[in-house]
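Visitor: The following comprises the amino acid sequence and a computationally predicted model.
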Amino acid sequence: MEFDENKNNDKEYVLEKVKEKGSLLDLVSEELKDDKEVVMEAIKADGNALEFASGRLKDDKDVILKAVKKDGQILYYASEKLRNDKEVVLEAVKNKAIILKYASKELELYRKIFIEGPIAPVTTSDFLSQDGYFTFWETPSELVGEENYYISDWDRLYWWGKIEDVEITEEIDIWLNMLVKEYEMILKGKEQETENAFVDHIFNTMEYLNSFYGRIYLFKEFYNALLNNSHEVRYQAILDLLDKFGEKNKEIGRVYQKYGNKEWCILSKNLKCNRGRMEIKRIIGVMANKELRKKYFGF
């Protein structure tokens, strides 16, 4: 890109150029390298433009935070004071952990003490239970009395046959055979949908399940299998099965509708992993596992 160095102190011209190519900050006047608006626009286009900013702006926390959010490695160009700022370093680490090598010696020492310091002893069962800790905090009153959720082979059926430690227990086998009976009843009375109607059915079902249970997704290969076999009744019946269990668990799903408007990461695990939602996810996991689906459903 052409840059007229005779206009290197023309703020309007410089702004137009650095918005298109941030590295052109290298060619502007010292005065504009110290102009916060110019530097911020250059960083927006290319975080590495910080290299050419004035020393004053390399010590400006607003400027540095904006730069490291774009690329954590840009911490290298920050002032020593800001390389010692925990907020700045932690923001940079979010997108590039390697930048810890640019953090100050004081922060490196803090990290070393934190990593190597003693931790309180804890048993495996205590660690997995976590009762009374953040994981199960603020369990909705509607779910009080429900068992706390812990991951098990029920939740890993998608990986059955792919990794050795996922087993089908007697309890899971009973549930799978129940699922087969439900599916066969649906299939027996199923009227074939047109391919276009079935595609609409996929999206309507997923929209419905997400509205009640939150973050219900089809595995990519399962979604493709549904689309590639949209003319086959046996695949169409899978969605009817999901619809049926969506309705069956609707009352517990309403609990998510009521409380699920907060950030996902701070929701109680008992809400995110309520039995209704987890059953829907398990059905999808079973159907997405070709070997497991063939073993129980025959296709």
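Guide: Yes, it's here.
Visitor: Provide a list of residues in contact with residue 286.
Guide: Residues in contact with residue 286 (C-beta atoms under 8 Å, 6 or more residues apart in numbering) are 157, 158, 176, 179, 292, 293, 296. The way it works is simple: take the backbone N, C-alpha and C, and place the C-beta from them, glycine included.
Visitor: tell me which element the third one falls in.
Guide: Here residue 176 is covered by helix 170-188, with elements defined by DSSP states H and E.
Visitor: follow-up on the earlier one: by neighbour count, which of the contacts of residue 286 wins?
Guide: Highest neighbour count within these: residue 157, with 23 neighbours (other C-beta atoms under 10 Å).
Visitor: Next, count neighbours for the residue nearest to that residue when sequence neighbours are not counted.
Guide: Excluding the flanking residues, the one nearest residue 157 by C-beta to C-beta, 6 or more residues apart in numbering is residue 285, at 4.5 Å. Residue 285 is flanked by 20 other residues according to other C-beta under 10 Å.
Visitor: sorry, back to before: tabulate the contacts of residue 286 (TSV), appending pLDDT, secondary structure and distance to residue 247.
Guide: Shown next, in TSV, are these (pLDDT from 0 to 100; DSSP: H, G, I helix; E, B strand; the rest coil; distance: C-beta to C-beta, whole Å):
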residue	pLDDT	secondary structure	distance to residue 247
157	90	helix	22
158	89	helix	23
176	96	helix	20
179	96	helix	15
292	94	helix	24
293	95	helix	22
296	96	helix	22
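Visitor: Just give me the closest of those residues to residue 72.
Guide: residue 158 (33.1 Å; C-beta to C-beta).
Visitor: any idea how far that closest one is from residue 23?
Guide: 46 Å (C-beta to C-beta, to the nearest Å).
Visitor: what do you get for residue 246?
Guide: Counting by C-beta to C-beta, the gap from residue 246 to residue 23 is 53 Å.
Visitor: neighbour count winner among those two?
Guide: More crowded of residue 246 and residue 23, by other C-beta under 10 Å: residue 246, with 21 against 15.
Visitor: Could you check how far the more buried one is from residue 26?
Guide: 58 Å.
Visitor: now residue 71
Guide: 17 Å.
Visitor: quick one: which of those two has more around it?
Guide: Comparing residue 71 with residue 26 by other C-beta under 10 Å, the one with more neighbours is residue 71, at 17 against 13.
Visitor: mind checking the backbone torsions on the more buried one?
Guide: The phi/psi pair for residue 71 (degrees, to the nearest 10) reads phi -160, psi 110.
Visitor: I'd assumed residue 46 was in contact with it.
Guide: No. The pair residue 71 / residue 46 is not scored as a contact, 9.0 Å apart, by C-beta atoms under 8 Å.
Visitor: Mutual contacts of those two, please.
Guide: With C-beta under 8 Å, 6+ apart, residue 71 and residue 46 have no common neighbours.
Visitor: so residue 198 makes contact with residue 238?
Guide: No. Applying C-beta under 8 Å as the test, residue 198 and residue 238 come out as separate, 10.4 Å apart.
Visitor: higher neighbour count, those two?
Guide: residue 238 (24 against 20).
Visitor: and the helix or strand hosting the more buried one with helix 170-188, angle?
Guide: Assigned by DSSP H and E, residue 238 belongs to helix 233-248. Interaxial angle, helix 233-248 versus helix 170-188 (axes from the mean of the first three to the mean of the last three C-alpha atoms, to 10 degrees): 110 degrees.
Visitor: helices and strands around helix 233-248, which ones?
Guide: helix 170-188, helix 195-213, helix 220-228, helix 275-288 (3 or more C-beta pairs under 8 Å, 6 or more residues apart in numbering; DSSP states H and E).
Visitor: Residue 258: which of those is closest?
Guide: If we rank those by C-beta to C-beta, the stretch that ends up nearest is helix 195-213, at 10.8 Å.
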